[in-house]
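Participant: Here is my input; please provide its structure:
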Amino acid sequence: MNRYPVAVSVALLTLGAGGLAARSSAPPPAPARAEATVGSDWLDVRFPRITLANSGCGDTDLLPSGVRQRWYQWRVTADFPDRNYPNNHFMGVYVFFGLPDSLPLTDLRLDSAIAATPITVDEAMGEPPMTATQVKPERVWARRESGRLHLHVEGRKAVEAFLRARTDSVDVGWCQRDEALTYLRIALKRR
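Facilitator: Numbers count the residues shown, from 1 in each chain. Prediction:
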């Protein structure tokens, strides 16, 4: 799991008539882009772009029904100051669901599952984290836009609950098939 982009320099050795060595630098990988902005009664989060073929967690689970399920997850969390192991304590907003892995993943299937997923603002604590409180936003939606998930929460109570952590940064996390759950810590922009 890569948490931060790493610049990689590659030295190329060219053996020529004069025995000269050439050195080249590969550009560092582009950092995954994520944005989180909050106002008095709204929270807006944009996750990094993921191709359709790379969407979903890398592993699948076999359910008791015999169906093999792939999980899909996008989340934004804000840590409370007392968040020290084993006292996990954070606020979170999740888009989390499973789809049968035997069905081909299409834009329509993924977009429909995202639109049908219930989304709340949750306070969680402990190890493993358990939901302590839950606030239903007045209005909430999530949708993909050019391969990026856009999550929008509205309602003063829901936003006040999320901001109870009193943090200036949030962690955005998402699943993609070629990595484990990936996280980025980003600044929470206030409007």
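
Participant: Can you list the buried residues in the lowest-mean-pLDDT helix or strand in the chain?
Facilitator: Lowest by mean pLDDT, DSSP states H and E among the helices and strands of the chain is strand 179-190, with a mean of 91. By neighbour count with 16 or more other CB atoms under 10 Å, strand 179-190 contains the buried residues 182-184, 186, 188. No exception for glycine: its C-beta is placed from N, CA and C like everyone else's.

Participant: Quick one: list the elements packing against it.
Facilitator: With contacts taken as 3 or more CB pairs under 8 Å, 6 or more residues apart in numbering; DSSP states H and E, strand 179-190 sits against strand 35-38, strand 169-176.

Participant: Which strands or helices does the last one pack on?
Facilitator: Packed against strand 169-176, as judged by 3+ CB pairs under 8 Å, 6+ apart, are the following elements: strand 42-49, strand 68-79, strand 179-190.

Participant: Turn those into CSV, including distance to residue 59.
Facilitator: Shown next, in CSV, are those (distance: least, CB to CB, whole Å):
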stretch, distance to residue 59
strand 42-49, 20
strand 68-79, 8
strand 179-190, 9
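
Participant: Out of those strands, flag the one nearest residue 169.
Facilitator: Across those, residue 169 has its closest neighbour in strand 179-190 (5.4 Å, CB to CB).

Participant: if we can go back for a sec, can you redo the helices and strands packed on strand 179-190 as CSV with distance to residue 83, mean neighbour count and mean pLDDT?
Facilitator: Formatted as CSV, the helices and strands packed on strand 179-190 follow (distance: least, CB to CB, whole Å; neighbours: other CB atoms under 10 Å; pLDDT from 0 to 100):
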stretch, distance to residue 83, mean neighbour count, mean pLDDT
strand 35-38, 18, 18, 98
strand 169-176, 11, 20, 96
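
Participant: Can you lay out those strands as CSV showing distance to residue 94?
Facilitator: Formatted as CSV, those follow (distance: least, CB to CB, whole Å):
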stretch, distance to residue 94
strand 35-38, 14
strand 169-176, 9
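
Participant: Let me know which of those strands is the nearest to residue 49.
Facilitator: For residue 49, the closest of the helices and strands packed on strand 179-190 is strand 169-176, at 10.3 Å, according to CB to CB.

Participant: could I have that closest one exported to PDB, CA atoms only?
Facilitator: C-alpha atoms of strand 169-176 as PDB (Å, rounded to 0.1, in the frame of the first residue of the first chain):
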ATOM      1  CA  SER A 169      -7.200  17.700   7.600                       C
ATOM      2  CA  VAL A 170      -9.100  14.600   6.600                       C
ATOM      3  CA  ASP A 171      -8.200  11.200   5.300                       C
ATOM      4  CA  VAL A 172      -9.700  10.100   2.100                       C
ATOM      5  CA  GLY A 173      -9.600   6.400   1.400                       C
ATOM      6  CA  TRP A 174     -10.700   4.200  -1.500                       C
ATOM      7  CA  CYS A 175     -10.400   0.700  -2.900                       C
ATOM      8  CA  GLN A 176      -8.800  -0.100  -6.200                       C
END
